[in-house]
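K.L.:
next come a sequence and a model predicted from it.
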Amino acid sequence: MIVVGVDGSVAARAAVEWAAGDALRMRVPLRIVHAVDRAPYQIGRFPTPALPDALLREGRRILDEAVALVRERQPHVEVSTRDVEGTPAAVLREQAEDATEVVVGSRGLGGFAGALLGSVSMHVAGHVRCPVVVVRTQRQPVCGEIVAGVDDSADCLPALGYAFRQAALRGAKLRAVHAWQLPVHAFAPEIPYDMDEVRTAQHRLVAGAVESLRKEYPRVEVIEDTPAGHPVDALTAAGAQADLVVVGSHGRGAMGSALLGSVSRGVLHHARCAVAVVR
């Protein structure tokens, strides 16, 4: 099952379209979730005993519009709705417990106009254990390419597997990106490097990471890309001509920012296409 969060925003509409497409390709049902947050209606020590009718009606309207969009775009997808009381981040975390994938918009109705990523999408990407796709508001033409970040840790393997599956389902190419930087020796700047040897080592790392998955997905065309530069810059640049960038997350730490890691957090903030974070 795929879970998608909605709040009536343009970003949420984009997330519903993405989620419906993935649900059709994966052949799984879609659950549309709206969080009914009573916090703005609480006044000091005098809590509201029941949810205001207007708030309930608005939630129903938002869910009905999302269902209508799914019926229009992907009429064969099985769809259900949930109107749950609570803060959006907490509700999505709870609803994601039995999900295959969670999809959210990059920004909801709150936040700053210039921010690409809202607090709810950042929180969900950092805490939910299944893959989380953060969808941008701007509609982009289909590029037919999925980008996946590759490094020398085991953290990237689940993300790489997810990227291969997305490429296979979409009939897209997979670009495996491993960005590398020469170490800086402040006290020994004269240390020489054999650049050909360095590049060969980076290509060997990427080839080793994708080898077993090539056999599992023989029809996926793989492009091995090893640019010199910072990983966030390299993945963001590759994402400019891609439908989706997939990054791994180490899943350690007690706070959302620590759970995500600097690369996944940086890509979420800067990539212009959809980004999937895979724990």
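P.N.:
On my side now, so go ahead.

K.L.:
hey, let's count contacts and neighbours off CA atoms from now on
P.N.:
Fine.

K.L.:
how far off centre is stretch 200-217?
P.N.:
Here the centre of stretch 200-217 is set off from its chain's centre by 23 Å, with Cα atoms, centre = their mean, to the nearest Å.

K.L.:
so for that stretch, what's the average pLDDT?
P.N.:
Here stretch 200-217 scores 84 as its mean pLDDT.

K.L.:
where does pLDDT dip in this structure?
P.N.:
The model of the chain has pLDDT under 70 over residues 38-52, 108-118, 182-199, 250-260.

K.L.:
show me the domain layout of it.
P.N.:
Using automatic domain parsing, the domain parsing of the chain gives 2-135, 145-278.

K.L.:
redo these as TSV? Include mean neighbour count.
P.N.:
Putting those into TSV (neighbours: other Cα atoms under 10 Å) gives the following:
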stretch	mean neighbour count
domain 2-135	19
domain 145-278	18
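
K.L.:
how far off centre is the helix or strand where residue 21 lies?
P.N.:
Using DSSP states H and E, residue 21 sits within helix 10-26. Relative to the centre of its chain, helix 10-26 is centred 12 Å away, using Cα atoms, centre = their mean.

K.L.:
how about residues contacting that helix?
P.N.:
With Cα atoms under 8 Å, 6 or more residues apart in numbering as the test, helix 10-26 has contacts from 1-6, 29-30, 32, 66, 69-70, 73-74, 76-77, 103-108, 134-137, 139, 169-170.

K.L.:
just the CA trace of stretch 20-37, in PDB.
P.N.:
Extracted C-alpha coordinates of stretch 20-37, given in PDB (Å, rounded to 0.1, in the frame of the first residue of the first chain):
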ATOM      1  CA  ALA A  20      -1.400   7.200  -8.000                       C
ATOM      2  CA  GLY A  21       1.100   6.500 -10.800                       C
ATOM      3  CA  ASP A  22       3.300   4.500  -8.500                       C
ATOM      4  CA  ALA A  23       0.300   2.600  -7.100                       C
ATOM      5  CA  LEU A  24      -0.700   1.600 -10.700                       C
ATOM      6  CA  ARG A  25       2.800   0.500 -11.600                       C
ATOM      7  CA  MET A  26       3.300  -1.400  -8.300                       C
ATOM      8  CA  ARG A  27      -0.200  -2.800  -8.400                       C
ATOM      9  CA  VAL A  28      -0.900  -1.800  -4.800                       C
ATOM     10  CA  PRO A  29      -3.800   0.100  -3.200                       C
ATOM     11  CA  LEU A  30      -3.500   3.800  -2.500                       C
ATOM     12  CA  ARG A  31      -4.500   5.400   0.900                       C
ATOM     13  CA  ILE A  32      -5.000   9.200   0.900                       C
ATOM     14  CA  VAL A  33      -4.500  10.700   4.400                       C
ATOM     15  CA  HIS A  34      -5.600  14.100   5.700                       C
ATOM     16  CA  ALA A  35      -4.600  15.200   9.200                       C
ATOM     17  CA  VAL A  36      -7.200  17.200  11.200                       C
ATOM     18  CA  ASP A  37      -5.100  19.400  13.400                       C
END
